[in-house]
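Visitor: no sequence for this one, just the structure:
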Ligand SMILES: Cc1cc2nc3c(=O)[nH]c(=O)nc-3n(C[C@H](O)[C@H](O)[C@H](O)COP(=O)(O)OP(=O)(O)OC[C@H]3O[C@@H](n4cnc5c(N)ncnc54)[C@H](O)[C@@H]3O)c2cc1C
Ligand SMILES: NC(=O)c1ccc[n+]([C@@H]2O[C@H](COP(=O)([O-])OP(=O)(O)OC[C@H]3O[C@@H](n4cnc5c(N)ncnc54)[C@H](O)[C@@H]3O)[C@@H](O)[C@H]2O)c1
């Protein structure tokens, strides 16, 4: 315990980032407190990963069981498949309650003090907590800020939470609108279009940029579009943005060309999900009391060790992690950053290796990746002076996928031609979110495709799609 302080570590925000940091701090012997103003578990547990994956799991089963053609190819026939919207919503809500309870108990069991209220830095190594009952100030050797993020709603869009809503309300599945517009084809847009289309809604997917799924590798995005969008009841509008959205019945959406800003058409739909990204929840954190200014996009500036910066200089004993620093808005990235922050405050110099952090969209089939897209790899090659090559393999050549009659998908491995170092791996296909981890481990140790091609994969497994892609690189 640091002499003269109430705690060794105080964490503001009990999302997955704060939780990960707290668990690691306890394992390092630090007396730790965590401050939470809202729901324990933050976005991921209450309004993000957990409820959305519960909805995807249930709606994915409906899709599978209603796919008579696929079932027949396996010799199976079943009758009408029914579902109850409220029962699916209850599954998601119950899972949230369970995981929120488990997370809170894990903190209590380990001796992390949970303080409810709004936390604010009130000077060097000081935090003030405001509750309905008043204010109290505590001191800590170190402070971690993990306040997370909230949905971004572009100007002109009015959210009423009922007919026009963000994922915060969407995960509650309070209605199944007959016709729903989804604004944005990123992670949330894709996952919700998977849920809604499986449950029988008609969708119009609107993307401002010139291609759908702009954040994903191009080959993967094109194939994903052919499987996840085109055959389903989803109309797409690309290069078009929602200039104005008025809630009601119907919801009125004014669309305009993203490049020219010219007005295009007006849609009248039953509901609209706004999935246009997230912004950091970094207001009123008391950062001015220690001379810290937010960056241009309101993220907290940090260095590679997660130390908060003021004018480029480290602010001693102040750290920030998670969505609020804007490096990679993912749950596992937030908790990895929490662990790295604690390691550095313990005097062990460590940084986060973003290149090896995987990401996945839990659609049916799934999309996953780790490392660079082909475009980013070529750009890096140009600045660092190396050539890039790719190797692809397809689920339609994989015995396990063939046995399941589930063969839509591909794997793409991107590597340097000089050293063979793997720079990125992208998978679209069944279980892609699990398959990506061997590639993440390979990238973490900067392995070459030549080494990976000699790894032995069990047969018949889906993981052989990676084996095939590695081996193909040796003969190309
Ligand atoms: C619909 C959806 C689905 C998602 N699915 C996935 C997924 O499948 N996989 C994945 O990796 N990521 C997913 N994400 C992203 C993931 O939820 C976030 O990356 C993650 O929650 C970030 O964690 P965090 O700890 O930084 O912040 P948060 O989870 O946002 O937690 C921050 C916490 O801090 C509290 N807080 C803020 N300010 C204060 C203050 N001053 N005082 C006290 N408390 C404060 C907030 O109340 C909140 O509880 C999803 C997000 C959404 C919206
Ligand atoms: N499976 C997962 O890991 C998962 C799932 C959901 C969310 N998340 C996280 O949550 C964050 C937010 O997700 P998201 O899908 O909202 O953001 P995103 O950044 O992934 O996608 C937003 C999309 O909306 C488009 N857009 C923005 N404004 C628009 C407008 N006015 N009209 C039309 N299109 C517009 C953007 O071009 C972009 O393609 C992501 O950064 C992601 O990291 C992760």
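Guide: That came in fine, so what should we check first? Model, not experiment: these values are computed from the prediction. Ligands and ions are numbered 1, 2, ... in the order given.
Visitor: mind listing what the residue of the chain found nearest ligand 2 touches?
Guide: Closest residue of the chain to ligand 2, C-beta to the nearest ligand atom: residue 186 (1.9 Å). In this view, the C-beta of every residue, glycine as well, is placed from N, C-alpha and C. Each residue near residue 186 by C-beta atoms under 8 Å, 6 or more residues apart in numbering is listed here: 213, 214, 215, 275, 277.
Visitor: wait, does stretch 278-294 contact ligand 1?
Guide: Yes - Stretch 278-294 reaches ligand 1 (C-beta under 6 Å from any ligand atom) through 281, 285.
Visitor: And that stretch, end to end?
Guide: Start to finish, the residues bounding stretch 278-294 are 16 Å apart (C-alpha to C-alpha, to the nearest Å).
Visitor: residue contacts, residue 36?
Guide: 13, 14, 18, 42, 114, 115, 116.
Visitor: Torsion angles phi and psi at it?
Guide: Main-chain torsions, residue 36, degrees, to the nearest 10: phi -140, psi 130.
Visitor: List, out of the contacts of residue 36, those positioned next to ligand 2.
Guide: Among these, no residue sits close to ligand 2 (C-beta under 6 Å from any ligand atom).
Visitor: quick one: which of those sit in helices?
Guide: 18, 42 (DSSP state H).
Visitor: what comes up buried for stretch 453-473?
Guide: Residues of stretch 453-473 classed as buried: 453, 461-473 (neighbour count, 16 or more other C-beta atoms under 10 Å).
Visitor: can you put those residues in a markdown table and add pLDDT and distance to residue 375?
Guide: Shown next, in a markdown table, are the buried residues of stretch 453-473 (pLDDT from 0 to 100; distance: C-beta to C-beta, whole Å):
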| residue | pLDDT | distance to residue 375 |
| --- | --- | --- |
| 453 | 97 | 25 |
| 461 | 98 | 30 |
| 462 | 98 | 27 |
| 463 | 98 | 26 |
| 464 | 98 | 27 |
| 465 | 98 | 22 |
| 466 | 98 | 21 |
| 467 | 98 | 26 |
| 468 | 98 | 24 |
| 469 | 98 | 19 |
| 470 | 98 | 22 |
| 471 | 97 | 25 |
| 472 | 97 | 21 |
| 473 | 96 | 19 |
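Visitor: Just put those residues in CSV and tack on secondary structure.
Guide: Listed next are those as CSV, based on DSSP: H, G, I helix; E, B strand; the rest coil:
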residue, secondary structure
453, coil
461, coil
462, coil
463, coil
464, helix
465, helix
466, helix
467, helix
468, helix
469, helix
470, helix
471, helix
472, helix
473, helix
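Visitor: can you put those in JSON lines and add distance to residue 167?
Guide: Compiled in JSON lines, the buried residues of stretch 453-473 are given as follows (distance: C-beta to C-beta, whole Å):
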{"residue": "453", "distance to residue 167": "40"}
{"residue": "461", "distance to residue 167": "34"}
{"residue": "462", "distance to residue 167": "29"}
{"residue": "463", "distance to residue 167": "31"}
{"residue": "464", "distance to residue 167": "35"}
{"residue": "465", "distance to residue 167": "31"}
{"residue": "466", "distance to residue 167": "31"}
{"residue": "467", "distance to residue 167": "36"}
{"residue": "468", "distance to residue 167": "36"}
{"residue": "469", "distance to residue 167": "33"}
{"residue": "470", "distance to residue 167": "36"}
{"residue": "471", "distance to residue 167": "40"}
{"residue": "472", "distance to residue 167": "38"}
{"residue": "473", "distance to residue 167": "38"}
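Visitor: nearest to ligand 1, of these?
Guide: Among the buried residues of stretch 453-473, and counting by C-beta to the nearest ligand atom, the member closest to ligand 1 is residue 462, at 20.0 Å.
Visitor: The stretch 101-250 of the chain: strands as residue ranges?
Guide: 113-116, 118-123, 126-131, 134-145, 149-151, 164-165, 179-183, 202-207, 234-238, 240-246 (DSSP state E, counting those that start in this stretch).
Visitor: now those strands in TSV, with distance to residue 62?
Guide: Shown next, in TSV, are the strands of the stretch 101-250 of the chain (distance: least, C-beta to C-beta, whole Å):
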stretch	distance to residue 62
strand 113-116	38
strand 118-123	41
strand 126-131	44
strand 134-145	41
strand 149-151	26
strand 164-165	22
strand 179-183	16
strand 202-207	15
strand 234-238	16
strand 240-246	28
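Visitor: mind listing what the residue lying closest to residue 235 once chain neighbours are set aside touches?
Guide: Excluding the flanking residues, the one nearest residue 235 by C-beta to C-beta, 6 or more residues apart in numbering is residue 204, at 4.8 Å. Residue 204 sits next to 179, 180, 181, 182, 234, 235, 236, 237, 267, 269 when contact means C-beta under 8 Å, 6+ apart.
Visitor: What parts of the stretch 301-450 of the chain come near ligand 2?
Guide: 329, 330, 359, 360, 361, 362.
Visitor: same thing with the stretch 151-300 of the chain?
Guide: 154, 183-189, 191, 206-209, 214-215, 241-242, 275-278.
Visitor: What subset of those residues is buried?
Guide: 154, 183-189, 191, 206-209, 241-242, 275-278.
Visitor: now, which of those residues lie within helices?
Guide: Going by DSSP H, the helices hold 187, 188, 189, 191 from those.
Visitor: how about residue 83, secondary structure?
Guide: With three-state DSSP as the basis, residue 83 sits in coil.
Visitor: That one: neighbour count?
Guide: 17 (other C-beta atoms under 10 Å).
Visitor: Is it correct that it is in contact with residue 195?
Guide: No - contact between residue 83 and residue 195 fails when scored by C-beta atoms under 8 Å: they sit 11.7 Å apart.
Visitor: rewinding a little: could you dump the contacts of residue 186 into a markdown table with pLDDT and distance to ligand 1 added?
Guide: A markdown table is the format used below for these (pLDDT from 0 to 100; distance: C-beta to the nearest ligand atom, whole Å):
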| residue | pLDDT | distance to ligand 1 |
| --- | --- | --- |
| 213 | 94 | 16 |
| 214 | 93 | 18 |
| 215 | 89 | 14 |
| 275 | 98 | 8 |
| 277 | 97 | 10 |
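Visitor: From residue 306, how far off is the residue of the stretch 301-450 of the chain found nearest ligand 1?
Guide: Closest to ligand 1 within the stretch 301-450 of the chain is residue 322: 2.1 Å, counting by C-beta to the nearest ligand atom. Going from residue 322 to residue 306 by C-beta to C-beta, to the nearest Å gives 10 Å.
Visitor: likewise residue 97?
Guide: Distance from residue 97 to residue 306, by C-beta to C-beta: 31 Å.
Visitor: again, but for residue 172
Guide: 33 Å.
Visitor: who touches the residue nearest to residue 457 when sequence neighbours are not counted in this structure?
Guide: Spatial nearest neighbour of residue 457, chain neighbours left out: residue 467 (4.4 Å); criterion: C-beta to C-beta, 6+ apart. If a contact means C-beta under 8 Å, 6+ apart, then residue 467 has 453, 455, 457 as its contacts.
Visitor: For my notes, please list those residues in JSON lines and give distance to ligand 2 for each entry.
Guide: Formatted as JSON lines, those follow (distance: C-beta to the nearest ligand atom, whole Å):
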{"residue": "453", "distance to ligand 2": "29"}
{"residue": "455", "distance to ligand 2": "27"}
{"residue": "457", "distance to ligand 2": "25"}
